[in-house]
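Asker: coordinates only, no sequence provided:
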């Protein structure tokens with residue numbers, strides 16, 4: 001049996017969870033999330049916990065068991081605490097500014113890059129080179145952070161670009177001078 005899948009997902013007091021067949025909806029102080037899980041997985045709400053069970057011992061059902069339980073746990077954590085990613089912008093003249101719909105990034109291109117905030121996602125600028133992305137959906141926060149990083153990933157020679165906070169970039173030596 002899946003070690004992760006058989007663990008119940010505790011539901012905090014400030015979160016309400018509704019199970020309707022294979023669709024689960026969670027509401028909490030940070031927002032509301034709904035997701036349709038694989039129809040083979042059975043969801044039960046008992047004693048303030050969500051239990052995920054599988055119909056058989058097939059490999060596909062084993063894989064879906066742990067996945068489904070983790071998705072439910074991330075939903076419950078997201079609507080109660082929320083998720084956050086922090087991006088650092090490094091490079092001369094590289095910066096971020098708030099715009100009415102989201103962010104405007106200056107990343108060394110001939111134009112500025114505009115990023116609109118999807119529904120439920122918030123951008124916060126601590127300073128022009130530190131962007132905090134937060135929201136209830138772990139999947140959406142990670143996707144938005146990855147898309148912003150993809151505009152100018154850190155390069156190995158000078159280290160310029162957009163990186164996750166705490167990300168280590170392997171540096172290269174570069175060319176050596178001629179004799």
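Answerer: Cool, the structure landed. From a predicted model like this one, the values you see are computed outputs, not experimental measurements.

Asker: helix, strand, or coil at the closest residue in space to residue 99 that isn't next to it in sequence?
Answerer: Once flanking residues are discounted, residue 99 sits nearest to residue 114: 6.6 Å by Cβ to Cβ, 6 or more residues apart in numbering. C-beta coordinates here come from the backbone N, C-alpha and C atoms, glycine included. What DSSP: H, G, I helix; E, B strand; the rest coil gives for residue 114 is strand.

Asker: bridging residues for residue 114?
Answerer: Under the criterion DSSP bridges, residue 114 forms beta bridges with residue 104.

Asker: now do the contacts for it.
Answerer: 99, 101-105 (Cβ atoms under 8 Å, 6 or more residues apart in numbering).

Asker: which one (most neighbours) among those residues?
Answerer: With neighbours taken as other Cβ atoms under 10 Å, the top of the contacts of residue 114 is residue 105, carrying 23 neighbours.

Asker: my read: that one touches residue 98, true?
Answerer: No: if you go by Cβ atoms under 8 Å, residue 105 and residue 98 don't touch, sitting 11.0 Å apart.

Asker: ok, the contacts of residue 114 vs residue 152, which is closest?
Answerer: Within the contacts of residue 114, proximity to residue 152 (Cβ to Cβ) peaks at residue 105, which comes in at 8.1 Å.
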